[in-house]
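1. Predicted model follows, preceded by the sequence.
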Amino acid sequence: MNQHKGRVIVYTGDGKGKTTAALGLALRAAGRGKKVIIIQFIKSPQRTYGEHIMFAKLGIEMHQMGAGFTWTKTPEEHREALKKAWQFTKEKAMSGMYDMMVLDELNNALAIDRFSVDDILSVDDVIQFVQTRPSSLHLVITGRSAKKELIDIADIVTDMQAVKHDYHEGVSAVKGIEF
């Protein structure tokens with residue numbers, strides 16, 4: 001394998017740790033002098049997340065482009081946020097400025113079934129993007145319910161499986177662990 005060929009890495013599954021793993025790769029790449037951009041498709045800039053605070057301190061570019069959970073805003077607001085996020089992603093990727101791009105919760109966006117998103121962000125669009133991106137750009141894609149087509153073209157796929165999580169016992173999300 002050509003060491004200069006960008007890999008496609010997918011973290012999926014119902015277990016915790018998909019974003020955490022992707023952000024760990026972003027830190028590793030940045031530590032090796034790679035230019036990294038992180039684009040979050042669901043998380044809203046109206047909320048504060050620990051990773052955003054830390055990456056800003058480290059000078060790693062992170063953009064929260066989402067409208068939040070799908071039940072928190074109207075379908076139109078989510079569709080508009082996804083449309084902007086996808087256009088932004090393509091522009092940034094094709095700029096040639098980055099060595100690694102983390103597309104956090106892109107799988108979740110592709111799996112939305114409460115309203116239609118295929119006309120603004122489809123699995124076919126993502127496959128075409130993966131195949132036409134700059135060849136040296138590493139893509140890290142996270143989120144539950146990764147589409148089979150994306151899994152098939154990825155170089156590395158990890159399926160995070162939940163074994164136990166105290167959330168199921170009524171424990172709320174913990175600052176610094178879940179957000």
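-> In hand now; what should we look at? This is a predicted model, so every value here is computed, not measured.

2. give the contact list for the nearest residue in space to Ile127 that is not next to it in sequence.
-> With sequence-adjacent residues excluded and distances taken as Cβ to Cβ, 6 or more residues apart in numbering, Ile127 is closest to Glu149, at 5.7 Å. Placement of C-beta: from N, CA and C, glycine included. The contact partners of Glu149, by Cβ atoms under 8 Å, 6 or more residues apart in numbering, come to 123-124, 127.

3. What's the mean pLDDT across stretch 4-11?
-> Average pLDDT, stretch 4-11: 95.

4. ok so, going back, pipe the contacts of Glu149 into CSV and attach distance to Leu23 and neighbour count per row.
-> Converted to CSV, the contacts of Glu149 look like this (distance: Cβ to Cβ, whole Å; neighbours: other Cβ atoms under 10 Å):
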residue, distance to Leu23, neighbour count
Val123, 24, 16
Asp124, 28, 11
Ile127, 24, 15
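
5. which one of those residues is nearest Gly31?
-> Of all the contacts of Glu149, Ile127 has the smallest distance to Gly31: 30.5 Å, by Cβ to Cβ.

6. Output whichever helix or strand the closest one is part of as PDB, restricted to C-alpha atoms.
-> Secondary structure from DSSP states H and E places Ile127 in helix 123-132. Presented in PDB, the C-alpha positions along helix 123-132 are these (Å, rounded to 0.1, in the frame of the first residue of the first chain):
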ATOM      1  CA  VAL A 123     -24.800   7.700   0.600                       C
ATOM      2  CA  ASP A 124     -24.100   8.000  -3.100                       C
ATOM      3  CA  ASP A 125     -22.900  11.600  -2.600                       C
ATOM      4  CA  VAL A 126     -20.600  10.400   0.200                       C
ATOM      5  CA  ILE A 127     -19.200   7.500  -1.900                       C
ATOM      6  CA  GLN A 128     -18.500   9.900  -4.800                       C
ATOM      7  CA  PHE A 129     -16.800  12.300  -2.300                       C
ATOM      8  CA  VAL A 130     -14.600   9.500  -0.900                       C
ATOM      9  CA  GLN A 131     -13.600   8.400  -4.400                       C
ATOM     10  CA  THR A 132     -12.800  11.900  -5.700                       C
END
